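Peer 1: no FASTA, just this:
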């Protein structure tokens, strides 16, 4: 049996989404089943310790399903000797359009190819990290690739694997229903869900 099938079998037994990725929801469910913590009415994955204030401000803009995984990435990077912070989270369509205008109809360099509604940041499922050395932000560092590996290990998609626009600071949590969809198809469904008031992860 392959490891993915093993993880799916465990997830089905624990009655959580069986996507075959051992992310924080899976580890939280395993922890709850084995350790049986007494956390009054709170899912264990949600009580991952808070991180630095800057990261927490941006984590707070993300959907509840994404927040513990973003914290887990900061902590996992720290455990591997890499200091990161979450430097961007949710963006409104208007904020996204303003970023898209840079280098086109507004001053500044081009920073995105996505208009409002065409970025996963617009739906609270994506965030960007920055690598730091003390208080100094490092826009370029080989450590971004190491963080990418750590992020994928906890079930995140990493922008460093993209072929059209490589975006090493970018991470996102793909909903289970979108596992077989292209990025374009997923974004279309996300727009529909927001417009109709439906849950992103249900």
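Peer 2: Structure received. These numbers come from a predicted model, not from an experiment.

Peer 1: Setting aside sequence neighbours, what's the nearest residue to residue 138?
Peer 2: residue 131 (4.6 Å; C-beta to C-beta, 6 or more residues apart in numbering). Using the backbone N, CA and C atoms, a C-beta is placed for each residue, glycine as well.

Peer 1: Please, which helix or strand holds the one you found?
Peer 2: strand 126-133 (DSSP states H and E).

Peer 1: Which neighbouring elements make contact with that strand?
Peer 2: helix 67-79, strand 83-88, strand 136-138, helix 143-153, strand 170-172 (3 or more C-beta pairs under 8 Å, 6 or more residues apart in numbering; DSSP states H and E).

Peer 1: The same query, at a cut-off of 7 Å, please.
Peer 2: Secondary-structure packing of strand 126-133 (3 or more C-beta pairs under 7 Å, 6 or more residues apart in numbering; DSSP states H and E): strand 83-88, strand 136-138, helix 143-153, strand 170-172.

Peer 1: just the ones you listed: most buried one?
Peer 2: Among these, strand 170-172 has the highest mean neighbour count (mean count of other C-beta atoms under 10 Å), at a mean of 24.

Peer 1: Now residue 113: closest residue in space that isn't a chain neighbour?
Peer 2: Closest to residue 113 by C-beta to C-beta, 6+ apart is residue 165, at 5.8 Å.
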